[in-house]
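Student: Starting from these lines, generate the structure:
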Amino acid sequence: MSGRMARNKGAAGERELAQILTDHLGVKIQRKLGQARDGGDDIQIGKYRIEVKRRETLSIDAWCKQVEDAASHDDIPVLAYRRNGQPWRVVVPLEWFIKQVREDMDG
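Tutor: Numbering: from 1, shown residues only. As a prediction, the model looks like this:
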């Protein structure tokens, strides 16, 4: 796939995920523009910094590092990715996941 086609697929993936989040959260979620040039995340919702990947060849470790580098100390780095014909998947830090599970168990 050419560089232009890959960028278009990536932007389409960002728009697709932003629309899903909008539909489920009830607030308008938009992708950031210029993030590829700046090396940051693609979508930010409060403290959640989301890197979006729409690829067939997975590079989970590299993508996690990318969003972790973009996140500040108080941010929660999130990787969202999807391959053709597959559902969206999300990778979050284990510490954050454990905290969420504890809150659910207590509540």
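
Student: Tell me the span between the first and last residue of stretch 41-54.
Tutor: 14 Å (C-alpha to C-alpha, to the nearest Å).

Student: what's in contact with it?
Tutor: 9-10, 12-14, 16-18, 21, 25, 29-32, 35, 40, 59, 63, 66-67, 70-71, 74-82 (C-beta atoms under 8 Å, 6 or more residues apart in numbering). Just so you know, the C-beta spots here come from the backbone N, C-alpha and C atoms, and that holds for glycine as well.

Student: The same query, at a cut-off of 6 Å, please.
Tutor: 9-10, 13-14, 17-18, 31-32, 35, 63, 66-67, 70-71, 75-82 (C-beta atoms under 6 Å, 6 or more residues apart in numbering).

Student: any idea where the helices of the chain begin and end?
Tutor: For the chain, the helices defined by DSSP state H cover 3-25, 35-38, 60-70, 94-106.
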